[in-house]
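Enquirer: my questions are about this predicted structure, shown below with the sequence.
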Amino acid sequence: MARQMSGAKMVVQALRDQGVDTVFGYPGGAVLPIYDEIFQQNDIRHILVRHEQAAVHAAEGYARSTGKPGVALVTSGPGATNAVTGLTDALMDSIPLIVLSGQVPTFMIGTDGFQEADTVGITRPCTKHNWLVQDTEDLPRLLHAAFHVATSGRPGPVLVDIPKDVQFATGTYTPKPKASEFRYQPPVKGDMEEITELVAALETAKKPVFYTGGGVINSGPAASQLLRELVEATGAPITSTLMGLGAYPASGDKWLGMLGMHGLYEANMAMHDCDLMICVGARFDDRITGRTDAFSPHSVKAHIDIDPSSINKIIHVDFPIVGDVAHVLEDLLRVWKARGRKMDREALAKWWQRIEGWKTKNCLAYRNSETIIKPQYALERLEALTKGMDRYITTEVGQHQMWAAQFLHFDDPNRWMTSGGLGTMGYGFPASVGVQQAHPGALVINVAGEASWLMNMQEMGTAMQYGLPVKQFILNNERLGMVRQWQQLLHGERYSSSWSESLPDFVKLAEAFGAKGIQCSDPADLDDAIMEMINYDGPVIFDCLVEKHENCFPMIPSGKAHNEMLLGDASTEGAIQAGGAVLV
Amino acid sequence: MNALKLKKGSTSHSAYNLRPTFSDTIEQHTLAVVVDNEAGVLARVIGLFSGRGYNIESLTVAEVDHTGKRSRITIVTRGTPQVIEQIKAQLGRIVPVHQVNDLTVEGPTVERELALIKVAGDGDKRVEALRLADIFRAKVVDSTLSSFTFELTGTPDKIDAFAELMRPLGLAELARTGVAALSRGEG
């Protein structure tokens, strides 16, 4: 099967062999041979973005909504450095990506050539792995290895830096090897002894809780299915991180809602008071734990994670289980069934009673208004009006992101794309482009703040060019809302640079790109305006003018524990003390 | 100590030998890391230490299998048990890393370092330097009328001790390789 071809042709051939149908990219001098090959074929669609950062975020959106790896193609130097934010974002959120970058020819490397950058050096800490290809003969092997590494074990971004002479030179193409032929084989099966011990703990637990994360979604649809089966069968409550929303349905009766800094009161209280915590594919992030020395002080903890370095990194656990979520849950469920499906039902019923008590706090309550659109209300209406639709949501980063996580409900995995670990403002719009490209008929909405949205607004061009009818639902408070909230809480209400000055007229901006612009400021008009957005066959910028000084609650102030949450109408004075102020 | 009412020792039989991590004691560990000798692999390992704020006391690296293109990196590092476990887990997930062994935990080891020590001086000091070198079994590998260069192999402590003795005798330059280590016995 070995064939002679140019390096550039190998790139296209390898992508084809890996089942890639879409590449997000931006051409430049050092990738011209690859673009020439892309021009001469029809199997792989190239989406021309307007900035390389957006190419990577679009690839992330594609990957997260499909479960397949996303692919981006950028040129050397500035093309590669612009990709760095997206790579870091994908690394933090464990998103499988393959980023191909051009490089100056091998004989010019190290001469400070035009558009030369030490791309593998720059991206080494922000990729799962990367390679500089020195020889065309190595190229097919490394391209296939890139897909293997990006998608095996804990997924992540992989970069392959390809000098221009390597693209021009001819070599032998080798087809995609079997996965088992690679040396890199992270174990997927969990330790049975440990799993059995966990089952024994589950059988006698009086106050168990499942704490799940993005790892469930990364593990694939089977993992979500097994999780649902396990939760239903055991009757234990379940909460999830921002990254894991949708793995267990929000409509499920065991669902407590999201946990963490802006998570639900009942979810955080359950975490704090539980006696058995089963962490599935989450990593005890600081946004989840709050003060670590007061984190769930009376529980025995289990941690299922495919990455051994996640275990005991932040929180000591009693049952460390290294493995793929789907594999481990399957074994866990089988062992639990084989041992007689035992649970302490009586204690569990009492536990649920306490949880129901916490739920009566109604922690997401807010004061609605008849004159001003509250951001929470806008999202409640968006949820109500899009319920049951084939809907995908992306977000930017900030208050709107947290409100979206609180007020929008996800019954399936891969429907919710948000920048969790890195918190990248500017993620949502290009991600929505990637999602829409993967799901042409679906309703794709980017819930945004006006400030975040402006960070990658150039992608209006991409959305228009490819007829991607993405809906940009901007909760416009003319503030950097989360920054403003923190300044209010811990910087003496000195609102340093947290205004959005000189905002564009979003309706005119939409029209300038040939898209539709809608502005809404009256709660009475909101439903009609949202329906108009949904029904419009093309990209829409929805400028939703909302209350400017709404704060996002509930909130665990930094440096505080789960049971020290602030609720909506609580006094926020002195909420964050000196020790907490240094935290982010 | 055990404020979280954690079950002790429950982690000891995991595939990854995750030990309880309560202690705040700083420990020194010698890690042996076998890697594919591909471009940038050392930068990856060093970048892990600098990026995550871990310490490197010493580091040696060389290709040990020319046909298999494998290198062995020996790292001496310090940290709390939790940090040491993190370092091993983080090293283990670097793609070209084949194996991470904590020689300090895995049983008795032999650790050796090589040093070249230049001592300049004359008269009694010169004689004394040569006499001490003999006691330490250091070899003279270069000599002029006013200097000696010694080659000394031993544990880092032994080299420290010898260098300290040479200081008043005219220690001019010191080059050390860092530690190379193997576990004792067959395995």
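Expert: Great, that's in hand. Numbering: from 1, shown residues only, chains lettered A, B, ... in the order given.

Enquirer: okay, CA-based contacts and neighbour counts for the rest of this
Expert: Will do.

Enquirer: for the residue nearest to residue B:100 when sequence neighbours are not counted, what are its contacts?
Expert: Closest residue to residue B:100 apart from its sequence neighbours, by Cα to Cα, 6 or more residues apart in numbering or on different chains: residue B:33 at 4.6 Å. Residues counted as contacts of residue B:33 (Cα atoms under 8 Å, 6 or more residues apart in numbering or on different chains) are B:72, B:73, B:74, B:75, B:91, B:97, B:98, B:99, B:100, B:101.

Enquirer: quick check, the host helix or strand of the third one touching chain A?
Expert: In this case it means residue B:74. Using DSSP states H and E, residue B:74 maps to strand B:70-79. No - under the criterion of Cα under 8 Å from any Cα of the partner chain, strand B:70-79 makes no contact with chain A; the nearest approach is 13.3 Å.

Enquirer: got any ranges where the stretch 451-584 of chain A has weak pLDDT?
Expert: Within the stretch 451-584 of chain A, the segments meeting pLDDT under 70 span A:569-579.

Enquirer: the residue in it positioned nearest to chain B: what's it in contact with?
Expert: Closest contact between the stretch 451-584 of chain A and chain B, by Cα to the nearest Cα, is at residue A:561 (14.7 Å). Residues in contact with residue A:561 (Cα under 8 Å, 6+ apart) are A:289, A:290, A:291, A:292, A:294, A:295.

Enquirer: if you set the cut-off to 10 Å instead, what comes out?
Expert: A:261, A:268-269, A:272, A:288-296 (Cα atoms under 10 Å, 6 or more residues apart in numbering or on different chains).

Enquirer: so what are the domain limits for chain B?
Expert: Split into domains by automatic domain parsing, chain B comes to B:27-102, B:109-183.

Enquirer: and the stretch 201-350 of chain A, which residues reach chain B?
Expert: For the stretch 201-350 of chain A, the residues in contact with chain B (Cα under 10 Å from any Cα of the partner chain) are A:293-301, A:307-322.

Enquirer: filter those residues down to the buried ones.
Expert: A:294-301, A:307-313, A:315-322 (16 or more other Cα atoms under 10 Å in any protein chain shown).

Enquirer: nearest residue to the one residue in chain A that gets nearest to chain B in space, please, no chain neighbours.
Expert: For chain A and chain B, the shortest gap (Cα to the nearest Cα) falls at residue A:309, measuring 4.6 Å. Nearest residue to residue A:309, sequence neighbours excluded (Cα to Cα, 6+ apart): residue B:89, at 4.6 Å.

Enquirer: any idea how far residue A:557 is from the residue most central in space within chain A?
Expert: Chain A has residue A:418 as the residue nearest its centroid, 4.0 Å off, counting by Cα atoms, centre = their mean. According to Cα to Cα, to the nearest Å, residue A:418 and residue A:557 sit 22 Å apart.

Enquirer: equivalent analysis for residue A:123, please.
Expert: Applying Cα to Cα, the value for residue A:123 to residue A:557 is 34 Å.

Enquirer: residues contacting residue A:331?
Expert: Residue A:331 makes contact with A:189, A:190, A:191, A:192, A:195, A:196, A:325, A:337, according to Cα under 10 Å, 6+ apart.

Enquirer: do residue A:304 as well
Expert: Residues near residue A:304 by Cα under 10 Å, 6+ apart: A:190, A:195, A:212, A:215-216, A:278-283, A:310-311, A:319-325, A:328-329.

Enquirer: where do the helices sit along chain B?
Expert: For chain B, the helices defined by DSSP state H cover B:41-51, B:81-92, B:124-135, B:156-166.

Enquirer: winner for burial among these?
Expert: Of the helices of chain B, the one with the most neighbours on average (mean count of other Cα atoms under 10 Å in any protein chain shown) is helix B:81-92, at a mean of 21.

Enquirer: all helices for the stretch 401-550 of chain A, in order.
Expert: Secondary structure of the stretch 401-550 of chain A (DSSP state H, counting those that start in this stretch): helices at A:428-438, A:450-454, A:460-465, A:481-490, A:506-512, A:526-535.

Enquirer: starting at the chain centroid, how far to the last one?
Expert: So that's helix A:526-535. 27 Å (Cα atoms, centre = their mean, to the nearest Å).

Enquirer: which of the residues in that helix are buried?
Expert: By neighbour count with 16+ other Cα under 10 Å, helix A:526-535 contains the buried residues A:526, A:527, A:529, A:530, A:533, A:534.

Enquirer: which elements pack onto that helix?
Expert: helix A:375-386, strand A:443-449, strand A:471-476, strand A:516-520, strand A:540-545 (3 or more Cα pairs under 10 Å, 6 or more residues apart in numbering or on different chains; DSSP states H and E).

Enquirer: save the contacts of residue B:33 as TSV, and put in pLDDT too.
Expert: Formatted as TSV, the contacts of residue B:33 follow (pLDDT from 0 to 100):
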residue	pLDDT
B:72	98
B:73	98
B:74	97
B:75	97
B:91	98
B:97	97
B:98	96
B:99	95
B:100	97
B:101	96
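
Enquirer: buried ones only from the residues you listed, please, as a PyMOL command.
Expert: Selection command for PyMOL covering only the buried members of those, criterion 16+ other Cα under 10 Å:
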select buried, chain B and resi 72+73+74+75+91+97+98+100+101
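
Enquirer: make CSV out of the contacts of residue B:33 and add distance to residue B:148.
Expert: Below are those laid out as CSV (distance: Cα to Cα, whole Å):
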residue, distance to residue B:148
B:72, 32
B:73, 31
B:74, 30
B:75, 30
B:91, 41
B:97, 41
B:98, 42
B:99, 41
B:100, 39
B:101, 38
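
Enquirer: residue A:492: how many residues sit nearby?
Expert: Using other Cα atoms under 10 Å in any protein chain shown, residue A:492 is surrounded by 11 other residues.

Enquirer: hmm, residue A:581 and it touching each other?
Expert: No - in this structure, residue A:492 is not within contact of residue A:581 by Cα atoms under 10 Å, at 11.9 Å.

Enquirer: quick one: common contacting residues for those two?
Expert: Common contacts of residue A:492 and residue A:581, defined by Cα under 10 Å, 6+ apart, comprise residue A:486.

Enquirer: so which of the residues of the stretch 201-350 of chain A next to chain B are in strands?
Expert: Among those, DSSP state E puts A:300, A:301, A:319, A:320, A:321, A:322 in strands.

Enquirer: many thanks, we can stop here.
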